[in-house]
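Student: okay, predicted coordinates and the sequence, questions at the end:
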Amino acid sequence: MTGRGAWTRRKWLRALAAPAAIAWGQGVSTRNVKPTPRGKPSGLPFPVRFTDVASQAGLRAPIIYGGTDRKQYILETVGCGAAFLDYDNDGWLDIFLLSGTRLDGAGEATNRLYKNNHDGTFTDVTDRAGLRYAGWASAVAVGDYNNDGFDDLFITYYGQNVLYRNNGDGTFTDVTERAGLLHKGPRWGSGCTFVDYNRDGHLDLFVASYLEFDFRSAPQPGENTNCKWKGVPVNCGPRGLPTALPVLYRNNGDGTFTDVTVSSGVAKAKGGYGMTAVAADFDNDGWPDIYLACDSTASFLLRNNRDGTFTDIGLESGVALNEDGMEQAGMGLGIGDYNLDGNLDIFKTHFADDTSILYRNDGKANFEDVTVRAGLGVETRFVGWGAGMVDLDNDGFPDLFLVTGNVYPEVEAKLPGYPFRTPRVIFRNLGNGRFEELIEEAGPGIAALHASRGCAFGDFDNDGDIDVLVVNLNEPPSLLRNDCTGDGHWLKVKLVGVKSNRSAIGARVTARYGTKQQAQAVLSQSSFYSASDLRLHFGLGSATSADLEIRWPNGDRETVANLAANRLVTIREGSGIIRQETFGRQG
């Protein structure tokens with residue numbers, strides 16, 4: 001590496017060798033960063049208003065997760081994710097919500113599956129689907145691991161992770177043991193993603209663990225320096241608790257998996273508190289890499305060596321630390337092409353008194369921290385979790401979205417400046433490499449205060465704009481309906497793999513519209529522990545058509561030209577468009 005990248009790498013190496021100037025508190029990186037001054041408001045109208053319609057949609061059951069006024073253990077604080085998926089292939093997004101439990105087992109805690117009724121409401125079909133399960137759930141990944149045309153679910157837990165096979169009749173079967181995914185002893189599973197790392201057409205599994213945790217030996221709040229935050233006794237960790245290794249499972253093509261963690265080199269990614277995992281091609285070589293956001297430790301970017309092995313290049317690529325060479329509390333990940341150069345950039349959320357971070361990709365997996373110059377340094381008040389790089393107003397430029405919520409309900413009484421419940425945040429893309437923070441301006445669903453964790457993005461009402469599903473701890477979820485009144489056009493793309501995996505996870509689509517281009521990838525997991533709509537959504541602005549270039553997960557390329565806007569196109573690998581549907585606002 002030469003130039004700025006080499007200089008930055010040397011700076012990071014020196015920083016790692018020097019004493020860290022970080023107020024670790026509970027362990028998450030709290031750098032006491034002062035926000036950068038806000039620029040003059042752009043004055044541009046934002047034609048988007050988000051309204052929480054969860055209750056009227058039938059999503060009224062609370063997501064139970066640990067204590068409400070006090071968290072004795074870190075297990076109660078991290079929370080869980082959610083998924084938008086079309087489990088019954090009817091063309092409408094259904095909802096899957098994870099749940100934790102309480103230390104005393106009180107409350108009706110279970111994961112929940114809600115079927116979309118096509119009229120803005122949902123029906124709880126958890127029991128009918130066979131998905132009732134109580135425990136400390138963490139993350140969910142969506143993908144068709146057996147290529148039968150129905151998307152399956154993989155869920156991580158504190159305890160035993162679970163693989164649910166979608167039977168295609170509205171029900172799911174726990175096939176964890178049959179698939180060879182049982183593990184010895186309890187693990188605290190965290191981020192997970194389906195990924196066809198060897199491009200054989202079968203989805204493999206990458207599974208991280210947050211840390212090693214045992215109720216019998218866990219220290220109590222206030223017991224040591226890792227159990228206090230700003231002088232207030234709180235639950236302990238992650239600092240002071242043992243880290244845990246991620247695991248890679250190769251799909252054998254017969255419904256079973258083999259642990260290839262050691263032979264693949266993934267076992268070398270140690271020493272991190274792993275959280276959200278994303279599989280995408282960051283260096284544009286046609287092979288999926290894996291990025292693992294880590295809490296309080298350097299994050300990992302596992303480069304696919306195209307021979308069944310991976311090498312961690314997080315430090316030299318620029319995404320292990322921030323530009324000051326400091327570890328941060330990496331939680332959530334938004335992946336997209338914010339500056340429309342055809343490369344996948346990374347947006348990562350962090351703790352209070354620090355900024356979320358935006359890494360710009362040069363296309364060869366050399367990343368630059370552009371947080372401050374992009375205008376994101378203005379916000380340091382909140383603990384960020386789920387995140388997305390999505391075009392909320394269909395103007396052709398992806399925006400940034402994050403949900404927030406503190407981890408210490410005990411702190412607010414003594415430190416009112418750190419409330420437990422906080423708003424959501426939108427950074428609207430101004431189209432010039434900079435963003436503008438919007439909260440109240442984006443509607444009551446954004447300004448509302450919650451202790452949120454995971455969130456998923458998708459168009460649940462098929463009206464042509466992106467809605468957001470949000471996990472709120474010990475409250476019902478939020479379903480943020482996007483009422484976009486602008487005149488921007490859009491295009492949705494659903495891919496069906498044939499030689500590649502059926503879900504087309506790992507595919508890259510580059511849309512060209514007007515004078516712009518934008519790349520997106522089909523992801524099994526992103527945000528925080530969550531899975532978004534596998535249909536890609538491109539805002540087109542004033543353009544009324546787009547050309548698509550598709551790079552399928554197996555490396556094959558396909559182009560589709562002159563697609564009219566304001567419709568969903570379904571493209572089957574090797575066959576081109578097999579269906580076009582118009583719905584929603586026609587712009």
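Tutor: Okay, I see it.
Student: skipping adjacent residues, who's closest to L449 in space?
Tutor: What sits nearest to L449 in space, not counting adjacent residues and going by C-beta to C-beta, 6 or more residues apart in numbering, is R421, at 4.0 Å. To be clear about C-beta, it is placed using only N, CA and C from the backbone, and glycine gets the same treatment.
Student: equivalent analysis for F122, please.
Tutor: Nearest residue to F122, sequence neighbours excluded (C-beta to C-beta, 6+ apart): Y114, at 3.8 Å.
Student: quick check: the one you found touching L93?
Tutor: No. The criterion here is C-beta atoms under 8 Å, and Y114 misses it with L93 at 10.0 Å.
Student: quick one: the residue nearest to F122 from A83, how far?
Tutor: 11 Å (C-beta to C-beta, to the nearest Å).
Student: which neighbours do these two share?
Tutor: Common contacts of Y114 and A83, defined by C-beta atoms under 8 Å, 6 or more residues apart in numbering, comprise I95, F96.
Student: which one of those two is surrounded by more residues?
Tutor: Between Y114 and A83, counting by other C-beta atoms under 10 Å, A83 is the more crowded of the two (31 against 23).
Student: that one against I155, yeah?
Tutor: No. Shown here, A83 and I155 do not form a contact pair, counting by C-beta under 8 Å, at 9.5 Å.
Student: joint contacts of the two?
Tutor: V140.
Student: which residues in the chain form helices?
Tutor: Using DSSP state H, the helices of the chain run over 3-17, 54-57, 126-129, 314-317, 444-447.
Student: same for the last one, what does it pack against?
Tutor: If contacts are counted by 3 or more C-beta pairs under 8 Å, 6 or more residues apart in numbering; DSSP states H and E, helix 444-447 sits against strand 48-52, strand 478-484.
Student: most tightly packed of those strands?
Tutor: Among the helices and strands packed on helix 444-447, the stretch with the highest mean neighbour count (mean count of other C-beta atoms under 10 Å) is strand 478-484, at a mean of 24.
Student: residues in contact with it?
Tutor: Identification of contacts with strand 478-484 by C-beta under 8 Å, 6+ apart yields 47-54, 57, 59, 95, 392-394, 424, 443, 445-446, 448, 450, 452, 460-461, 464-470, 472, 585.
Student: and stretch 571-580, how far apart are its ends?
Tutor: For stretch 571-580, the first-to-last residue distance is 9 Å (C-alpha to C-alpha, to the nearest Å).
Student: what mean pLDDT does that stretch have?
Tutor: Stretch 571-580 shows a mean pLDDT of 94.
Student: neighbours around G168, how many?
Tutor: G168, neighbours per other C-beta under 10 Å, totals 12.
Student: with adjacent residues omitted, what lies nearest to it?
Tutor: G168 sits nearest to F150 (C-beta to C-beta, 6+ apart), 4.6 Å away.
Student: re the thing from before, count the residues that sit near the residue nearest to L449.
Tutor: By other C-beta under 10 Å, the residues close to R421 number 17.
Student: same question for S55.
Tutor: The local packing of S55 (other C-beta under 10 Å) involves 11 other residues.
Student: how far away is it from V125?
Tutor: Going from S55 to V125 by C-beta to C-beta gives 19 Å.
Student: cool, A543 as well?
Tutor: A543 is 39 Å from V125, where distance means C-beta to C-beta.
Student: what do you get for E549?
Tutor: Going from E549 to V125 by C-beta to C-beta gives 38 Å.
Student: equivalent analysis for D90, please.
Tutor: Taking C-beta to C-beta, one finds D90 at 13 Å from V125.
Student: these two: which is more packed in?
Tutor: In terms of neighbours (other C-beta under 10 Å), V125 is the more surrounded of D90 and V125; the figures are 18 against 11.
Student: which residue packs closest to the more buried one, ignoring adjacent ones?
Tutor: Nearest residue to V125 in three dimensions, chain neighbours excluded: K115, at 4.8 Å (C-beta to C-beta, 6+ apart).
Student: does the one you found touch T121 like I think?
Tutor: No. Counting by C-beta under 8 Å, K115 does not reach T121; the two are 9.7 Å apart.
Student: more neighbours: the two, which one.
Tutor: Taking neighbours as other C-beta under 10 Å, K115 and T121 compare with K115 leading, 21 against 14.
Student: show me what contacts that one?
Tutor: Counted by C-beta under 8 Å, 6+ apart, K115 has contacts D88, D94, F122, T123, V125.
Student: those into JSON lines, with extra columns for distance to A279 and pLDDT?
Tutor: Output for these, formatted as JSON lines (distance: C-beta to C-beta, whole Å; pLDDT from 0 to 100):
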{"residue": "D88", "distance to A279": "25", "pLDDT": "98"}
{"residue": "D94", "distance to A279": "23", "pLDDT": "99"}
{"residue": "F122", "distance to A279": "29", "pLDDT": "98"}
{"residue": "T123", "distance to A279": "32", "pLDDT": "98"}
{"residue": "V125", "distance to A279": "29", "pLDDT": "98"}
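Student: let's see the ChimeraX selection covering just the buried ones among those.
Tutor: Selecting only the buried entries of these in ChimeraX, with 16 or more other C-beta atoms under 10 Å as the criterion:
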select :88,94,122,125
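Student: distance to N566 added to the contacts of K115, as CSV?
Tutor: Below are these laid out as CSV (distance: C-beta to C-beta, whole Å):
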residue, distance to N566
D88, 25
D94, 24
F122, 25
T123, 29
V125, 31
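Student: of the contacts of K115, which belong to strands?
Tutor: D94, F122, T123 (DSSP state E).
Student: any idea how far the first one is from A507?
Tutor: Separation of D94 from A507 (C-beta to C-beta) stands at 22 Å.
Student: same check on the last one?
Tutor: If you measure T123 against A507 using C-beta to C-beta, the figure is 31 Å.
Student: what's the most distant pair in the contacts of K115?
Tutor: D88 and F122 (12.5 Å; C-beta to C-beta).
Student: what touches both of these two?
Tutor: Contacts common to D88 and F122, judged by C-beta under 8 Å, 6+ apart, are D94, K115.
Student: correct me, but P476 touches S55?
Tutor: Yes. Under the criterion of C-beta under 8 Å, P476 makes contact with S55 at 6.9 Å.
Student: need the contact list for the closest residue to N251 other than its chain neighbours.
Tutor: Leaving aside its sequence neighbours, N251 sits nearest to H202 (C-beta to C-beta, 6+ apart; 3.9 Å). Shown in contact with H202 (C-beta under 8 Å, 6+ apart): Y145, N147, D196, N251, N252, G253, N501.
Student: per-residue pLDDT, H202?
Tutor: 98.
Student: also the one 3 residues further on?
Tutor: Per-residue confidence (pLDDT) for L205: 98.
Student: residues in contact with it?
Tutor: Neighbours of L205 in contact, by C-beta under 8 Å, 6+ apart: A141, Y145, F154, L181, C192, T193, F194, V195, L248, Y249, N251, F257.
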